[in-house]
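A.B. asks: Sharing a model that was predicted from the sequence below.
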Amino acid sequence: MTETDLALDEGRTLHVYDTHPNDADNRLAVFWHHGTPNVGAPPEPLFAAADRLGIRWVSYDRPGYGGSTPLPNRNLASASAHTSAVANALGIDRFAVMGHSGGGSHALACGALLGERVLGVVSVAGLAPFGAEGLDWFAGMAPSGVASLRAAARGRVAKERYEASSGEQDPGFIPADWAALSGAWSWLGDVVGPALEGGPGGLIDDDLAYVAPWGADPARVTAPTLLLHGGRDRVVPPSHGEWLARRCPSAELRLFPDDGHISVLDGSAAALDWLREHAGRS
């Protein structure tokens, strides 16, 4: 895997990851959109499946994380501009997008805004837009998540104050999540730690974006779309996935009744098979 820094306008940079830059012509480029708080390194537990399927992972640290310059007041739609900039720099014309948790929502925003450039979308445990009609957004969410996101809804000052005083809290994981974190998905520890080394700025910007207008309507996603969600997810309740499935005309929902927010990732290797079948080669 190579890591580079891409220069953007106004002196900003994005830190970019690319697993197969020398085999680009033979692989489907899939942009990985990371969760909160993570850096953007692509998902190592899926490398074997990706190699089997001829997939090239491309990703970047969202602004404010890792090696990427902060971008205050960014929204989910900003992911489409960042993804396009990386794709253009790497000579990638068309690609698929995939993400976990808040990264799934960013992937959907890319699908909504980048049109035919996006060959397929996979969102794993993604959030629905805040204030979505017909959805009780906080219902079923763990108390820590409710408190954190309600603070964000009150604005940056309230969110910064919350992060400074909240301390360690129950993240809302179920036993299946802890089991996944003790197995292949222990990899998440490798991307959470570096994301917080520079402070909570990236996390704060993410949460502010989740409770603001996306700048993109998931109903405008036309590429084949697969939504994965755990039926016992207390971080992003399954009602979010169900709402998105109703909103996205091209979406298929796979609901895993006994899974939570992390253990649902065990279904993501099969999702890559689906993506390869539906997206074809770039």
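C.D. replies: Sure thing, it's come through. What you see is a predicted model; the values in this text were computed from it and never measured.
A.B. asks: Which residues belonging to the helix or strand hosting Ala271 are considered buried?
C.D. replies: Using DSSP states H and E, Ala271 sits within helix 268-279. Buried residues in helix 268-279, counted by 16 or more other C-beta atoms under 10 Å: Ser268, Ala269, Ala271, Leu272, Trp274, Leu275, Arg276, His278, Ala279. Glycine gets a C-beta too; all of them are placed from N, C-alpha and C.
A.B. asks: How far off centre is that helix?
C.D. replies: Centre-to-centre, helix 268-279 and its host chain are 16 Å apart (C-alpha atoms, centre = their mean, to the nearest Å).
A.B. asks: Show me what that helix is packed up against.
C.D. replies: Contacts defined by 3 or more C-beta pairs under 8 Å, 6 or more residues apart in numbering; DSSP states H and E place helix 268-279 against strand 28-33, helix 47-53, strand 55-60, strand 95-100, strand 118-124, strand 225-230.
A.B. asks: how about those, which one is nearest Gly201?
C.D. replies: Each of the helices and strands packed on helix 268-279 has some distance to Gly201 by C-beta to C-beta; the shortest is strand 55-60, at 16.3 Å.
A.B. asks: Now tell me what touches that closest one from outside.
C.D. replies: Residues from elsewhere that reach strand 55-60 (C-beta atoms under 8 Å, 6 or more residues apart in numbering): 1, 6, 14-20, 23-24, 27-34, 40-43, 46-47, 49-50, 68, 82-83, 86-87, 90, 92, 95, 272, 275-276.
A.B. asks: switch to 7 Å and redo it
C.D. replies: Residues outside strand 55-60 that contact it (C-beta atoms under 7 Å, 6 or more residues apart in numbering): 14-20, 24, 27-32, 34, 40-42, 50, 68, 82, 86, 90, 272, 276.
A.B. asks: If any of those are buried, put those into a ChimeraX selection.
C.D. replies: Buried residues among those (16+ other C-beta under 10 Å), as a ChimeraX selection:
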select :14,15,16,17,18,19,20,27,28,29,30,31,32,34,40,41,42,50,68,82,86,90,272,276
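A.B. asks: picking that back up, which one of the helices and strands packed on helix 268-279 lies nearest to Val192?
C.D. replies: Going by C-beta to C-beta, the one of those nearest Val192 is strand 95-100, 12.2 Å.
A.B. asks: pretty sure Ala151 is touching Glu160, no?
C.D. replies: No - Ala151 is beyond contact range of Glu160, at 8.8 Å (criterion: C-beta atoms under 7 Å).
A.B. asks: So if I had to pick from those two, which one is more boxed in?
C.D. replies: Ala151 (23 against 16; other C-beta atoms under 10 Å).
A.B. asks: For that one, give me its contacts.
C.D. replies: Taking C-beta under 7 Å, 6+ apart, we find Ala151 in contact with Ala158, Lys159, Tyr162.
A.B. asks: Glu3 versus that one, what's the distance?
C.D. replies: From Ala151 across to Glu3, the span is 33 Å (C-beta to C-beta, to the nearest Å).
A.B. asks: Check Asp93 too.
C.D. replies: As for Asp93, its distance to Glu3 is 23 Å (criterion: C-beta to C-beta).
A.B. asks: hang on, the earlier thing: next, format the contacts of Ala151 as TSV and append neighbour count, pLDDT and secondary structure.
C.D. replies: Putting the contacts of Ala151 into TSV (neighbours: other C-beta atoms under 10 Å; pLDDT from 0 to 100; DSSP: H, G, I helix; E, B strand; the rest coil) gives the following:
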residue	neighbour count	pLDDT	secondary structure
Ala158	13	98	helix
Lys159	23	97	helix
Tyr162	19	96	helix
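A.B. asks: wait, Leu125 sits on Ser263?
C.D. replies: Just to correct that, residue 125 is Ala rather than Leu. No - checked against C-beta under 7 Å, the pair Ala125 and Ser263 is beyond contact range at 10.0 Å.
A.B. asks: Give me the more crowded residue out of those two.
C.D. replies: Neighbour tally, Ala125 and Ser263, criterion other C-beta under 10 Å: the higher count belongs to Ala125, 32 against 25.
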